[in-house]
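Engineer: below are the sequence and a predicted model; questions follow.
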Amino acid sequence: MKNRSKESQALASLRDQLVGLGEDSVRKTYYPELQQRLEELRESEEFLKNIVDNIPAMVFVKEAVDLNYVALNKAGEELLGYSRAELLGKNDRDLFPKEQATFFTQKDREVLAQGQMLEIPEELVKTRQGDRILRTKKIPLFDSQGKASYLLGIAEDITERKRLEEQLLQSQKMEAVGHLAGGVAHDFNNILMVIMGYGTMLKADLTLNEQQRHKLELIVDAAEKAAQLTGNLLAFGRKQQIKPRLADINDIVTHIQKFLGRIIGEDIQLRTITAPEALLAQVDSGQIEQVLINLATNARDAMPKGGVLTIETGVRQVDQPPANHNGSSQPGRYACIMVSDTGTGMDETTRNRIFEPFFTTKEVGKGTGLGMSIVSGIIKQHNGFIEISSELNVGTTFTIHIPLARLQLAVTLEPPPPAPPRGRGETILVAEDDEAVRTLVQQTLSGYGYQVLLATDGVEAVATLAAHRRQVRLVLMDLVMPRMNGKEASDRMREQDPGIRILFTSGYTMDVIASRDTLVEEGQLLIKPVPPLELLRRVREALDR
Amino acid sequence: MAVGFEIRKFVAPEFIFGIGSRHLAGRYARNLGGRKILVVSDPGVVAAGWTKDVTDSLEAAGLPYAMFTALTPNPKVEEIMAGVAVYEAESCNALIAVGGGSPIDCAKGIGIVTSNHKHILLFEGVDMVKAPMPPLICIPTTGGTSADVSQFVIISNPLEMVKFAIVSKSVVPDLALIDPATLTTMDAYLTACTGLDALTHAVEAYVSIARSSMTDLHALEAIRLVSENLLPSIAAPHDLELRTQIMQGSLQAGLAFSNAILGANHAMAHSLGGALDIAHGECNAILLDHVIEFNLPSAPERFEKIAEAMGLDLRGRTSQEKKKALLTHVRELKKAAGIVRNLKDLGVNRSDLTLYSKHAMKDPCMATNPRLATKRDIEVVYEESL
């Protein structure tokens, strides 16, 4: 019974279906599928748009006939400063300067004609947002017939990267020039040491007449100036050690202003405005004076018809160092020295290149092109930075920023140098490869009561010490010598006599020596050129230690 | 139960009836969105020249096309899958069938598979076609099949030796171009087979338990038209007036059975056709009077109306006389039309009847037969037809 009713139910249901009354019975209709496909298409479009919009590079599409834009992503809107609504349907002629539009169009046509991707590694594009450097790839899009009917472009903004690259290149250049300058300065120092040494010795010669003495003074003066120049070269190459002490920037400015007055001459009026509070900072006063002298010299040359040079000091809180500053800096409180002139001002090119070594706007022979790079080097060594503002025919202001010292401590004055001490017949072994320097040192030491043994290189020095171990009280040795350098020789000597006192001389400064792996304690090193008085004082100190 | 009060659906395709309508194929293929057309036909129809008329009209409309004619009567599963491969390889997006039931059912099968991406065997049954097929235009060239307007697809599965039916409103074509001129190349035998097939459609639809007033109108008119014009049409094959009457009868029989469904006659013919690859029309014709005899007690008044539509005057006769008159008329019509073979002559063995009956019982057409039949009942009818 049950089975039969089940059967008849199935039969009834089949009949219903046959006459078209089943639940799924429908005349042919594409509508549900169409709806579904449209929905999927919309989702897929949204998905793709989302991907394209989130690519961190400008993506655009142009049609091949008139090269009108048909698509642009979000990064493109941001880069060009145009909204899609503004840009779509337009072409490059509507958007960019003529010359640029012509270049773009030419490249587009090339890509479409050749059917191949083209890369433009660097192009400067003038946008509403300013000049940007772009790396662009242009790619032909083919239709089903193989015709290039659209052009796809992907452009990456490399402006920032280029700026960093240039900065790196510049610092590498500076580094190379610094090495060169340091090397040259070293050789000059040896020569200058001889000139200055003999000059000083001659000055003590009472047989010279007045005229001769005057000429001699001119020679020694010239040598001193030359020594200053090599010092500058080292400062620029950041090879010169700075000796920072706590000092009041106001004091430095006050101290130097009389001297600056002489440099700038009578046609230029000097005005100095110092901050009421003390501006204590860890600085090498001599170096800061050098900076001010160099800036004043530049200001003078910028005001050939006279003007006003203003030096003003103050404090500034720096939260974010300016992007284009020169030097390294951290947020914090800075002491400022503003050096302003009312001169010719600088154009952008000059402003951008002013800290480059050997860059000068002065006539040949009037400037070395080192002054401003020394300024930059010194301020960098003080962990400061420089800002420049300049307007043609109005004037220029350099603002030097130097970090203020955290603790306000009293300034201690340097004690005056004592009179040159004499020897007491002690024997000193002098090892020096440069004959002139060697002779100078020998004569200086002999003249002040010392016995001197000589050696021309490290090997000879070690042998000489071995032969006269009991006599020698001090070894005075050049660090850089042929056959065996000073450091190696000193190691051998200490093997023989662990207590031996050694004083090194070098034309290079500490960091050069450190980089050559010839580590020497700071107190044991004399930097050439060593004036005779300094030499005698340091020798005495070493012996009495 | 009063027929007029039941819910009934009536589905018919858009169709254009008339001499020369076949030439409109190109225009309509384009209107339906065709870009490349697969034309499905069979070698006989191609030889008769009707296929070329259609492809010429496609060319005139500027539409490219591909041909698929590698099919035999009673389309086979593999033939349909081969057609699908051609359709896809040629990137077609619309179908035109030119021919009798075989090309039309084949085209329907190709359409079903291409839009549903499954093997044709998986669509057996009712409402199993989910996604609509591509646009399909049918141009019938026989006056019997009515596949051009129906919701049926009958396919042979030679492996199982059965025919199976796909029934779905969604396989009703988009358009039928019904051109009586295409009947003029049928020989007497084919005219007889297809004509009696149409008559069987009309008779079964009229007595179907799923009939409606709408299907009744078409069924009775189809019976009248075919009975009156079949023999003259066989005698004068080129008489377009007679061919038009037969084509009209076939169309109306198709509209009737597609909506009212069929009965035991077709269920039994499908079963035999699957095993023996014999002409569907002849098979129906052989069974017709025997099935009428079996069904008559369930719907005597309906069969009386059928007899009247066939032109018999039954006034004042007894039921027994009426029955005898109807059966005699049908048998004489068959004989006069040249259908003189019985099932034995077609190669049917008595020993196979159990299997055929079993298959016939499973055919969906059986569901609307007016008399509830047992397997044994069907076997008896087969036996009588031997």
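Structural biologist: Nice, thanks for sending it over.
Engineer: for the chain, longest helix please?
Structural biologist: You didn't say which chain, so I picked chain A. helix A:159-203 (DSSP state H).
Engineer: chain B, not that one
Structural biologist: helix B:213-235.
Engineer: go through that helix and flag the buried ones.
Structural biologist: Under the neighbour-count criterion of 16 or more other CB atoms under 10 Å in any protein chain shown, helix B:213-235 has B:214-216, B:218-231, B:233-234 buried. (Each C-beta comes from the backbone N, C-alpha and C, glycine too.)
Engineer: that helix - what's its average pLDDT?
Structural biologist: The average of the pLDDT scores along helix B:213-235 is 96.
Engineer: now do stretch A:99-110
Structural biologist: 93.
Engineer: now that stretch, how far from the chain's geometric center?
Structural biologist: Mean-position distance between stretch A:99-110 and its chain equals 38 Å (CA atoms, centre = their mean, to the nearest Å).
Engineer: could you say what helices and strands the helix or strand containing residue B:166 packs with?
Structural biologist: Residue B:166 is located in strand B:162-167, with elements delineated by DSSP states H and E. Applying 3 or more CB pairs under 8 Å, 6 or more residues apart in numbering or on different chains; DSSP states H and E, we find strand B:162-167 packed against helix B:101-116, strand B:125-126, strand B:152-157, helix B:264-276.
Engineer: hmm, the longest one touching chain A?
Structural biologist: Same thing as helix B:101-116. No. If you take CB under 8 Å from any CB of the partner chain as the test, helix B:101-116 misses chain A, and the best it gets is 8.8 Å.
Engineer: keeping just the C-alphas, turn that helix into CSV.
Structural biologist: The C-alpha coordinates for helix B:101-116 follow below in CSV (Å, rounded to 0.1, in the frame of the first residue of the first chain):
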residue,chain,number,x,y,z
GLY,B,101,14.5,14.9,-36.0
SER,B,102,18.1,13.7,-36.0
PRO,B,103,19.9,17.0,-36.9
ILE,B,104,17.5,19.0,-34.7
ASP,B,105,18.0,16.8,-31.7
CYS,B,106,21.7,16.7,-32.3
ALA,B,107,21.9,20.5,-32.4
LYS,B,108,19.9,20.7,-29.2
GLY,B,109,22.3,18.2,-27.6
ILE,B,110,25.4,20.3,-28.8
GLY,B,111,23.8,23.4,-27.3
ILE,B,112,23.1,21.8,-24.0
VAL,B,113,26.6,20.5,-23.6
THR,B,114,28.4,23.7,-24.7
SER,B,115,26.6,25.9,-22.2
ASN,B,116,26.6,23.4,-19.3
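Engineer: angle of it against strand B:152-157?
Structural biologist: 90 degrees (axes from the mean of the first three to the mean of the last three CA atoms, to 10 degrees).
Engineer: ok, residue A:406 to residue A:332 distance?
Structural biologist: 9 Å (CB to CB, to the nearest Å).
Engineer: between the two, who's got more neighbours?
Structural biologist: residue A:332 (15 against 10; other CB atoms under 10 Å in any protein chain shown).
Engineer: tell me the secondary structure at residue A:67.
Structural biologist: The three-state label given to residue A:67 by DSSP: H, G, I helix; E, B strand; the rest coil is coil.
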